[in-house]
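**Q** What shape does this take:
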Amino acid sequence: MSKLKANPTLTVIKPGPLSLIQDFGRFGVAHLGLTQGGPVDDYSYSWANYLLGNTVNQAALEITLGQCVLKVDFDCEMAICGGDLQATLDGSPLDNWSSFQAFKGQLLSFGLPKNGLRAYLAVKGGFDVPLTLNSCSTVTREKIGGLTQDGQPCQKGQKISFTQHDLSTPFKALSVTFRYKPDYNLPVNLRVIEGYQSELFSESAKETFYNAQYIVDQNSNRMGYRLNGKPVTSPDSSLLSEGIALGAIQIPQDGQPIVLLNDRQTIGGYPKVGCVARIDLPRLAQAKPGHEISFSKGDRLGLQDLWCQWAKFFGY
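**A** Coordinates of the predicted model:
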């Protein structure tokens, strides 16, 4: 009898604090109470796939805070983009924002974050993960998606399958040019598109919001980033709960802004001053606790044009 061929895999030796399988997200299910999930830094996620020639929706591994070790069980080509987690292959440093080849038996290790908070590991052809409602994105709060389809982060001993592919010979690593690599240590200014509820805020409240310097709270996560700074006076109005957009900026009664991200709840009733521009959210997603954040009023049409250029380049 012929031997069955083993599927190409990576074995999780050490998962780190939070390593999640993500594709572009789960859409059209908000009416079921399910959020979109997907990469909180879709800029880095998209570059990692782009460097390998993958389509934009290929599953990748989102590694938050590093400290992850993976064993390569099959020769492959991969790419790492996003925060600098001091990645090494068998102890040799890997260039961030670049593709590379890895061979059977090698160990791919991530250290503590040096610049940014999370990195995206993509493999040529994408990771082969079962879909739940047309997506493999992991949402731990909703217990959906991921390797076991129950929202669990990657666990020690699990094997992550990927599509078998031929290695490029000769191999030439592809890298993102310097001008497109963000410096995550710089202060972050987020451009805001105001919504209809902005009219509920007094002029002095909006002045506070746009002039204050905030810092990222340690309780921030994939649901939303909590910010600490000068309180913004929240409108004394009773609002019906409504659908929540990605990047919505809620101002609860304590006046400390919350920017809602991919794993947000689908409805909410806190007053919202507006939404962070879609193109600015990846910078926020890489901000560590204590990082400085400010807001400025954005030009909607100009930001839409920027987003369309980005979407066209990556093929969204």
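**Q** so where's the stretch 51-200 of the chain shaky on pLDDT?
**A** Along the stretch 51-200 of the chain, the model assigns pLDDT under 70 to no residue.
**Q** Okay, and Leu117 sits in which element?
**A** According to DSSP states H and E, Leu117 maps onto strand 115-123.
**Q** What count of nearby residues applies to the residue nearest to Gly146 when sequence neighbours are not counted?
**A** Excluding the flanking residues, the one nearest Gly146 by Cβ to Cβ, 6 or more residues apart in numbering is Thr138, at 3.7 Å. Where you see a C-beta, it was placed from the backbone N, CA and C, and this is true even at glycine. A total of 33 residues lie near Thr138 under the criterion other Cβ atoms under 10 Å.
**Q** same thing with Gln101?
**A** The tally of other residues near Gln101 (other Cβ under 10 Å) stands at 17.
**Q** circling back to that earlier point, which strands or helices does the strand holding Leu117 pack on?
**A** The elements that strand 115-123 packs onto, with contact taken as 3 or more Cβ pairs under 8 Å, 6 or more residues apart in numbering; DSSP states H and E, are helix 42-51, strand 60-64, strand 76-84.
**Q** Provide a list of residues in contact with the spatially most central residue of the chain.
**A** Nearest residue to the geometric centre of the chain (Cα atoms, centre = their mean): Val40, 2.2 Å. Shown in contact with Val40 (Cβ atoms under 8 Å, 6 or more residues apart in numbering): 62, 118, 222, 261-262, 281-282, 285.
**Q** redo that, cut-off 10 Å
**A** Going by Cβ atoms under 10 Å, 6 or more residues apart in numbering, Val40 touches 20, 22, 62, 64, 117-118, 221-223, 225, 246, 261-263, 281-282, 284-286.
**Q** again, but for Asn115
**A** Residues in contact with Asn115 (Cβ under 10 Å, 6+ apart) are 82-86, 96, 181-186, 286, 288.
**Q** most neighbours, which of those?
**A** Highest neighbour count within the contacts of Asn115, by other Cβ under 10 Å: Gly82, with 32 neighbours.
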